[in-house]
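Chemist: Here's my sequence, what's the structure:
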Amino acid sequence: MSSEANAVAIPAPTDLTELATLITTLGESIKSLKSSASPDKDEISKAVAALLDAKRTYAKNNGGIGVDGKKWEEPMSKSEKKKAEKAAKAAAAAKAAAAGGDDTAAAAPSKKAAAKEAKKAAKKEAKKNFKQDAGEAAAAASPAADASTTAVAKKSPAIAARPMMTKSKLLPNQLAFNPNVSLADRPVVALTVAVLTNTIVDYELVSDHTRSGCALGLPSRNGAEVSGDLAIARFIVKKAASSAFGSSASALLGGTDDEDIALIDQWVDYALSLSKFGLARRALSIQRTLDPLLVTGTYVVGHSLTLADVALFASLGFPSTEESKVEITRILPTGSPTLRWMEMMSNSPAVKEA
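Modeler: Down below sits the predicted model:
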């Protein structure tokens, strides 16, 4: 686990997008460290310190707004919190004494009110410190740049908000995706099974920057489409299996064995359920689930490659390059059967072509 923490504890970049990605990675790393069988307190402390530093850098480079869209407030140590609470209590007690004389005890605020006052004082102090740091950073900026920016702002008229872009309609067998989204939102599973079923030439890839995910135009219904990588992949395999030479395609779904079909569907649904988590959590979940199966087996279901293998490989982030495989290797324990399976999948010609 220490290697995972060291992998993410790198100098924070200044690009906001890179910083946001780093913050997410550090958060997942901390979750993994805390959920391990024997948490390493030193590694957790290092990861937490790196996370706070990344969040602080993000806020300073984003006008005081944190990665969560709220104003950044510098967290306090336990000793600072206690000091602020004592100061708030003392101030409240003095105020009550001045107002009520002998009735000080009755006028004294409750613990909840004192804690609220302490928190308010702490926030005020944190804001003061941050404004000071931000002011120093602004003073170091180029005066000429500030002047030119102001001049442009005065001359430029207000720009009307652009209307939201709408998705273009797909023709039959057009497979559309946004090239600017992450690999997880691209149709990697659909393309892999299209190669495996020798039907890749039947589909036309379309680059569509207005889409957040991927979609396929249905062949017999002009304008209708199916969305989602796994849904598209299932459609491609079933369509290929219904052809005259569809026995190999049918095997991807379990062939005629009802139990294999059910197991493959189960694994595909499991892969889809992991999509809401970060890479580290997805990888560890898959490793803990697959290791017992892959100790004696080569594939997830049966004795050949199925849609279950491709879907789970995509859930790992589709690690088909050396860089992406190294990232998974840092997360999973050495000697894991899942790592062997990942290496086998990454060397599949269909995966490489997709």
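
Chemist: Strands of the stretch 51-200 of the chain, residue ranges please.
Modeler: 174-177 (DSSP state E, counting those that start in this stretch).

Chemist: residue ranges with poor pLDDT in it?
Modeler: 99-112, 114-115, 122, 125-168 (pLDDT under 70).

Chemist: The same query, at a cut-off of 50, please.
Modeler: 102-108, 137-157, 159, 161-165 (pLDDT under 50).

Chemist: quick check: mean pLDDT across the helix or strand that contains residue 250?
Modeler: Here residue 250 sits within helix 247-252, counting by DSSP states H and E. Mean pLDDT, computed over helix 247-252, is 85.

Chemist: Who are the packing partners of it?
Modeler: Secondary-structure packing of helix 247-252 (3 or more C-beta pairs under 8 Å, 6 or more residues apart in numbering; DSSP states H and E): helix 188-196, helix 229-241. C-beta: built from backbone N, CA, C; applies to glycine.

Chemist: buried stuff in it?
Modeler: For helix 247-252, a neighbour-count test (16 or more other C-beta atoms under 10 Å) marks 249-252 as buried.

Chemist: now do stretch 311-326
Modeler: 311-320, 324-325.

Chemist: First-to-last residue distance for it?
Modeler: 20 Å (C-alpha to C-alpha, to the nearest Å).

Chemist: what comes into contact with it?
Modeler: The contact list for stretch 311-326, computed with C-beta atoms under 8 Å, 6 or more residues apart in numbering, reads 183-184, 188-189, 229-230, 233, 267-268, 270-272, 274-275, 279, 282-283, 286, 290, 300, 327-328, 342-343, 345-346, 351-352, 354.

Chemist: Which of those residues are buried? Put it as a PyMOL command.
Modeler: Command for PyMOL, covering only those of the contacts of stretch 311-326 found buried under the criterion 16+ other C-beta under 10 Å:
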select buried, resi 188+189+229+230+233+267+268+270+271+272+274+279+282+283+286+290+300+327+328+342+345+346+351+354
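
Chemist: so how far is the helix or strand where residue 267 lies off the chain centroid?
Modeler: Element membership of residue 267, judged by DSSP H and E, is helix 258-273. On the basis of C-alpha atoms, centre = their mean, to the nearest Å, helix 258-273 sits 24 Å off its chain's mean C-alpha point.

Chemist: State the mean pLDDT of it.
Modeler: For helix 258-273, the per-residue pLDDT averages 93.

Chemist: Also stretch 224-231?
Modeler: 91.

Chemist: Low-confidence regions, the stretch 201-350 of the chain specifically.
Modeler: Counting by pLDDT under 50, the stretch 201-350 of the chain contains no low-confidence range.

Chemist: that older thread, may I have the helix holding residue 267 exported as CSV, CA atoms only?
Modeler: Extracted C-alpha coordinates of helix 258-273, given in CSV (Å, rounded to 0.1, in the frame of the first residue of the first chain):
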residue,chain,number,x,y,z
ASP,A,258,-28.1,-21.0,-19.6
GLU,A,259,-25.8,-21.0,-16.5
ASP,A,260,-22.9,-19.4,-18.4
ILE,A,261,-25.3,-16.8,-19.9
ALA,A,262,-26.5,-15.9,-16.4
LEU,A,263,-23.0,-15.7,-15.0
ILE,A,264,-21.8,-13.5,-17.8
ASP,A,265,-24.8,-11.1,-17.4
GLN,A,266,-24.0,-11.0,-13.7
TRP,A,267,-20.4,-10.0,-14.2
VAL,A,268,-21.4,-7.4,-16.8
ASP,A,269,-23.9,-5.8,-14.4
TYR,A,270,-21.2,-5.9,-11.7
ALA,A,271,-18.8,-4.0,-13.9
LEU,A,272,-21.4,-1.4,-14.6
SER,A,273,-22.1,-1.0,-10.9
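
Chemist: I'd like the next helix or strand past it.
Modeler: Next along from helix 258-273, by DSSP H and E: helix 279-294.

Chemist: CSV for the buried residues of helix 247-252, including distance to residue 121?
Modeler: CSV is the format used below for the buried residues of helix 247-252 (distance: C-beta to C-beta, whole Å):
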residue, distance to residue 121
249, 68
250, 69
251, 68
252, 63
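
Chemist: With respect to residue 77, which of these is nearest?
Modeler: residue 252 (56.0 Å; C-beta to C-beta).

Chemist: how much space between the closest one and residue 231?
Modeler: Going from residue 252 to residue 231 by C-beta to C-beta, to the nearest Å gives 15 Å.
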